[in-house]
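1. Based on what follows, work out the 3D shape:
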Amino acid sequence: MSDQIFPEPGLIILFGSGETSPTGRKIFDRIIRSLPQSPRLALLETPAGFELNSHQVISRVGDFFTHRLQNYSPQVDIIPARMRGTPFSPDEPEILTPILDADLIFMGPGSPSYAIRQLRDSLAWYYLIARHQLGAVLALASAATVAFSAYALPVYEIYKVGEDIHWIGGLNFFKLYGLQLVLIPHWNNHEGGADLDTSRCFMGQERFIRLMDMLPEEMTIIGLDEKTALIMNPSSCECHVMGLGMVTILHTGHKHIRKGHLFSSAGAPINIKGTNEDLAKIAMQREGHFHQYQDGQNFSMSEIGHVHPNFPEANLPPSIWQKAIQARSLKDPTAPHSPSEEVLQLIQARQKARHASNWAIADELRSQIEKSGWEILDTKDGPVSRKLPKIKKQ
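-> Numbering: from 1, shown residues only. The predicted model follows:
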């Protein structure tokens, strides 16, 4: 039996905007305080890699960490993974090595569609997933937040170039947790003033309603107000909101409608003629409902969807996963932890039942193992175990 133990993944911070503002500093202060002393931060340049000054763009973020959070003595590594087919490629191992050492990985400004093209199935993408699964915090803002969606909004192409409204396939990061998410930062943007609706990431409410009609039914939409962050903890399956605005969750396929009313997360009816009329229209259009949370509020990830973490080996080339495991062992040799002796005996008994083709007994033992807080993945090298997340239902 394999003695490989899967550790818990790191936090995921999704910014609506303002990651380097005073609000962003407060959010990062909370996060970095929980990291090791003098934490290693890896800043990926990729989303802005098409810009001639992309290094300056990401360097400004680096300066923010170095100077505004200097009390934590962060070690900042900029990863210039700008463009495939160049010396600064997201497939170039030499420039990507700091990712495997990082305590926090940041990606932010640029173009969502460009980030998707450069990162999809790249070495940088695999390193990022592996390191996150081994405990590194992911901090995403702006273009990176959009790119991590199952379906991504091509903001520049629609808002600046004038293409017809459409979605593109995103990096679909959250499939790691069994979730189908569409992430919309700048949810409450009002740069257009009274003359132009630039909310919903510059799409405007009317155009956004039409965009929603183009999405598959199983998608959940998360709108992130500016200078606001959603902090997701995959290990505890808890979410926390920080910042000046709100986080909006639009569900589909959950009918909470009675005689023209919509029900909020608190259970109170919301008349579609009143506040949040556009949200009510979208939710009713998709036979769903919405929730909104503000600064200081917590909720379960089960509010977003059915959380079902996948094993890293199901999403990564084995060689990359093993390289990440080795890098982590060098970084913190005491980090892995094992199931109890009782759980190990259940795993061994299940293996014997499987070898004897006693599938009913094997299934019952798997159930007992899961009740003890562990899950099993059967591989060619034998079973590997992973600690189950603690899902709290509201």
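2. what ranges do the helices span in the stretch 201-350 of the chain?
-> Secondary structure of the stretch 201-350 of the chain (DSSP state H, counting those that start in this stretch): helices located at 205-212, 277-285, 318-331, 341-355.
3. which stretch in those is the model least sure about?
-> Ranked by mean pLDDT, the helices of the stretch 201-350 of the chain bottom out at helix 277-285, with a mean of 63.
4. picking up where we left off before, deepest in the core, which of the helices of the stretch 201-350 of the chain is it.
-> Among the helices of the stretch 201-350 of the chain, ranked by average contacts under mean count of other Cβ atoms under 10 Å, first place goes to helix 277-285 (a mean of 19). All C-beta atoms are positioned from the backbone trio N, CA, C, and that covers glycine.
5. after the host helix or strand of residue 25, next one along is what?
-> Take DSSP states H and E as the rule and residue 25 turns out to sit in helix 22-32. Using DSSP H and E, the helix or strand that follows helix 22-32 in sequence is strand 40-44.
6. Direction included, what does that following strand pair against?
-> Partners of strand 40-44 in the sheet, by DSSP bridges, are strand 75-79 (parallel), strand 104-107 (parallel).
7. need the next SSE after that strand, C-terminal direction.
-> helix 54-63.
8. Would you mind getting the angle between that following helix and helix 22-32?
-> 70 degrees (axes from the mean of the first three to the mean of the last three Cα atoms, to 10 degrees).
9. quick one, domains of the protein?
-> Listed domain ranges for the chain are 9-303, 340-394 (source: automatic domain parsing).
10. where's residue 357 relative to residue 237, distance?
-> 35 Å (Cβ to Cβ, to the nearest Å).
11. quick one on the thing from earlier: with respect to burial, which of the strands paired with strand 40-44 scores highest?
-> Counting by mean count of other Cβ under 10 Å, strand 104-107 has the highest mean neighbour count of the strands paired with strand 40-44, with a mean of 26.
12. Now do the helix or strand immediately after it in the chain, average pLDDT.
-> For strand 104-107, the succeeding helix or strand toward the C-terminus, using DSSP H and E, is helix 112-119. In this model, helix 112-119 carries a mean pLDDT of 98.
13. Give me the helices and strands touching the following helix or strand past helix 112-119, please.
-> Of the helices and strands lying after helix 112-119 in sequence (DSSP H and E), the nearest is helix 123-133. When contacts are defined as 3 or more Cβ pairs under 8 Å, 6 or more residues apart in numbering; DSSP states H and E, helix 123-133 packs onto helix 93-96, strand 104-107, helix 318-331.
14. Now render these as a markdown table, adding distance to residue 171.
-> Shown next, in a markdown table, are the helices and strands packed on helix 123-133 (distance: least, Cβ to Cβ, whole Å):
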| stretch | distance to residue 171 |
| --- | --- |
| helix 93-96 | 16 |
| strand 104-107 | 10 |
| helix 318-331 | 16 |
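15. So for the helix holding residue 25, what gets flagged as buried?
-> The neighbour-count criterion (16 or more other Cβ atoms under 10 Å) identifies 23, 24, 25, 27, 28, 31, 32 as the buried residues of helix 22-32.
16. what do you get for stretch 195-205?
-> Neighbour-count burial for stretch 195-205 flags 197, 198, 199, 200, 201, 202, 203, 204 (criterion: 16+ other Cβ under 10 Å).
17. Report the separation between the nearest residue to residue 196 once chain neighbours are set aside and residue 146.
-> Spatial nearest neighbour of residue 196, excluding adjacent residues (Cβ to Cβ, 6 or more residues apart in numbering): residue 204 at 7.5 Å. Computed with Cβ to Cβ, the distance linking residue 204 and residue 146 is 16 Å.
18. Pull out the buried positions in stretch 114-124.
-> Buried, per 16+ other Cβ under 10 Å, within stretch 114-124: 114, 115, 116, 117, 118, 119, 122, 123, 124.
19. Quick check, the first one in contact with residue 50.
-> Yes: shown here, residue 114 and residue 50 form a contact pair, counting by Cβ atoms under 8 Å, at 5.2 Å.
20. so where's the stretch 201-350 of the chain uncertain?
-> The model of the stretch 201-350 of the chain has pLDDT under 70 over residues 252-288, 312-313, 332-339.
21. 80 instead, please
-> 251-289, 309-315, 329-341 (pLDDT under 80).
22. The stretch 1-150 of the chain now?
-> Checking the stretch 1-150 of the chain against pLDDT under 80 turns up 1-7.
23. before we move on, back to that, next, format the buried residues of stretch 195-205 as TSV and append distance to residue 327.
-> Shown next, in TSV, are these (distance: Cβ to Cβ, whole Å):
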residue	distance to residue 327
197	47
198	43
199	42
200	40
201	36
202	39
203	41
204	45
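24. which two from the residues you listed end up farthest apart in space?
-> 197 and 201 (11.6 Å; Cβ to Cβ).
25. Centre of the chain to stretch 59-66, how far?
-> The chain centre lies 22 Å from the centre of stretch 59-66; the measure is Cα atoms, centre = their mean, to the nearest Å.
26. what does stretch 290-305 give?
-> With Cα atoms, centre = their mean, you get 15 Å for stretch 290-305.
27. quick one: buried residues of that stretch?
-> 290, 291, 292, 293, 299, 301, 303, 304, 305.
28. ok, what's across the strand from the nearest residue to residue 62 once chain neighbours are set aside?
-> Closest residue in space to residue 62, ignoring its immediate chain neighbours: residue 76 at 4.7 Å, by Cβ to Cβ, 6+ apart. Counting by DSSP bridges, residue 76 forms beta bridges with residue 41.
29. heads up, I number from 18, so please use that
-> In the new count, where the first residue is 18, that last one comes out as residue 93.
30. what's the distance between residue 93 and residue 43?
-> Taking Cβ to Cβ, one finds residue 93 at 19 Å from residue 43.
31. same deal with residue 74?
-> As judged by Cβ to Cβ, residue 74 and residue 43 stand 23 Å apart.
32. Next: residue 377.
-> From residue 377 to residue 43 the distance is 54 Å (Cβ to Cβ).
33. So which of the helices and strands packed on helix 140-150 is nearest residue 196?
-> strand 121-124 (18.9 Å).
34. who touches that closest one?
-> Outside strand 121-124, the residues that touch it by Cβ atoms under 8 Å, 6 or more residues apart in numbering are 27, 36, 48-49, 52, 56-61, 63-64, 78, 116, 132, 145, 148-149, 153-158, 160-161, 164.
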